[in-house]
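Trainee: Quick one, fold the following:
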Amino acid sequence: MADADTKGASASTPTAAKLTLLTLTAMVVGSMVGAGVFSLPGRFAAETGVAGALIAWAIAGLGMLMLAFVFQALALRRPQLDAGVYAYAKAGFGEYLGFFAAFGYWASACVGNVTYWVLIMSTIGAIWPALGDGDTVLAVVLSSVGLWLFFYLISRGVKEAAAINRIVTVAKIVPILVFVLLAVIYFEPSVFADNFAGADYAGSLFEQVKGTMLVTVFVFLGVEGASVYSRHAKRREDVGRATILGFLSVFAIFASVTIVSYGILPMGEIADLRQPSMAGVLEEAVGTWGKVFISIGLIVSVLGAYLAWTLMSAEVLYVAARDKDMPRFLGRATAADVPVPALVMTTCLTQVVLVVTYFSDDAFNFALDLTSSLTLIPFLLAAAYAVKILRSPDDGGIGGRSRDLTISILATLYTVFLIYAAGFKYLLVSLIIYAPATILFVMARREQGRRVFSPRELVILAVSVAGAVVGVVALAVGWISL
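Mentor: Next up, the predicted model:
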């Protein structure tokens, strides 16, 4: 790197910007309330009726609450670990799986960021047909411009970006609450009753519930947001508090948005709505102004979530590099505490995936499901780590051990169920992304003059590469498709 590029970088770890409980909670809410909530009516109606939706939210709510409690417990019992998901996987299961957790979490954030730009362009595309469903050439070009404008904003400093996110979080909650209120006012009990059991195409109740699991994972991504950004917390205990406060607030919003929509339109019509489906539901209830209102709220919401997720994903790469689990160039930060190389890499991967959406048949839904799938392995490793430490003598010396162990086991089982619900397709596609990332791990080991792989790590490498090869073959012969 040229001297001009490194002059502003700190030779040691920069002083972290200190964030309050309110700001940390806003980061959790801000990262969770994004593109997903505006697509909930259509995604749920395509899979299940009211009964299945109620069961799905009960399972997802309980499961994700268990994960939220896991992150809270780990923040208290292992306060020395930063960048939550990645750090927990490494501490529990070694450097290579820790690396995979860091990369998978980061990659899922980058893919998730693509859904934001696709949904923004699809929303505008309702009045500007040249943008289509967010996957035309013009849509990709405009999204790319926005992508790099945000890179410039975040590069100005973490404090400034976090403050903007707090303001945007408040602004974007308002239209969602208005949607729920208006949907209740225009609620039709007869329509709701007709939607209760689900349609013939939805299948058995178990299949209906199973079909919603990936979208519930997507909308709850960000529950670990305060944990990921723990090194910036003014008080360590605020990390756990922000996690629980953010989760409970957002869960109430998500479940309400889904259920009230079933009282406005038949589920078949909701399923056929253009994304964002929330806008179409409100248009049916109150007219065109409702669609415009939700569309504006969506753009504000998605831009705020994009800001929060870009901050968190760059932070994961940065901390992993500082811990020598990523190449050292990703561990550089400016005097303003911005990990610019990690931010550049994050923006570049998002740009690449954005271009790929042009060639996809259903860019939004595929990116949404892949984002969820990539996150499941890091979540599973974090929950399993909590089980591991709570069964050992070194449990952090905090009370409530039996309670936290039970919660951690439930969270682990829930994550295993999610991997099953995601299906073989997304597991294979995830491995196609995971396996080549090992190049970064090899770079980091060689920089340190260490042996690249231990015998145990070679086994993990072989499994990931074999899965990636099967995935590529499956795509090539048409067994699975994008």
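
Trainee: So residue 134: helix, strand or coil?
Mentor: State at residue 134, reduced to three classes by DSSP: H, G, I helix; E, B strand; the rest coil: coil.

Trainee: what's near enough to touch it?
Mentor: 117, 118, 119, 120, 121, 122, 125, 143, 357, 363, 364 (Cβ atoms under 8 Å, 6 or more residues apart in numbering). Placement of C-beta: from N, CA and C, glycine included.

Trainee: List buried members of the residues you listed by neighbour count.
Mentor: Using 16 or more other Cβ atoms under 10 Å as the burial test, the contacts of residue 134 include 117, 118, 119, 120, 121, 122, 125, 143, 357, 363, 364 as buried.

Trainee: which residue sits closest to residue 197, ignoring its sequence neighbours?
Mentor: Leaving aside its sequence neighbours, residue 197 sits nearest to residue 49 (Cβ to Cβ, 6 or more residues apart in numbering; 5.3 Å).

Trainee: just checking, the one you found touches residue 193?
Mentor: No - using Cβ atoms under 8 Å, residue 49 makes no contact with residue 193, being 10.3 Å away.

Trainee: between those two, which one's more packed in?
Mentor: Shown here are residue 49 and residue 193; by other Cβ atoms under 10 Å, residue 49 has more neighbours (21 against 12).

Trainee: what stretches of the stretch 301-450 of the chain score poorly on pLDDT?
Mentor: 361-364, 395-397, 399 (pLDDT under 70).

Trainee: give me that answer again for 90
Mentor: 301-346, 348-350, 352-383, 386, 388-405, 414-438, 440-442, 444-445, 447-450 (pLDDT under 90).

Trainee: still on that earlier bit, of the contacts of residue 134, which pair is most distant in space?
Mentor: Greatest spacing in these, by Cβ to Cβ: 125 and 357 (13.4 Å).

Trainee: distance between the strand or helix carrying residue 106 and the chain's centre?
Mentor: Residue 106 belongs to helix 95-125 when assigned by DSSP states H and E. Computed by Cα atoms, centre = their mean, to the nearest Å, the chain-centroid distance of helix 95-125 equals 7 Å.

Trainee: Likewise for stretch 315-334?
Mentor: Relative to its chain's centre, stretch 315-334 lies at 21 Å (Cα atoms, centre = their mean).

Trainee: Also stretch 245-253?
Mentor: 15 Å.

Trainee: Repeat that for stretch 122-140.
Mentor: 24 Å.

Trainee: repeat for stretch 273-288
Mentor: On Cα atoms, centre = their mean, the centre of stretch 273-288 falls 25 Å from that of its chain.

Trainee: cool, and stretch 428-445?
Mentor: A distance of 20 Å separates the centroid of the chain from that of stretch 428-445, by Cα atoms, centre = their mean.

Trainee: neighbouring contacts of that stretch?
Mentor: By Cβ under 8 Å, 6+ apart, the residues outside stretch 428-445 that reach it are 96, 99-100, 103-104, 107, 321, 324-328, 370, 373-374, 377, 451-453, 461, 464-465, 467-468, 470-472, 474-475, 480, 482.

Trainee: What separation is there between residue 326 and residue 309?
Mentor: 19 Å (Cβ to Cβ, to the nearest Å).

Trainee: sorry, back to before: put the buried members of the contacts of stretch 428-445 into a ChimeraX selection.
Mentor: Selection of buried members from these for ChimeraX, criterion 16+ other Cβ under 10 Å:
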select :96,99,100,103,104,107,321,325,326,327,370,373,374,377,453,461,464,467,468,470,471,474,475,480
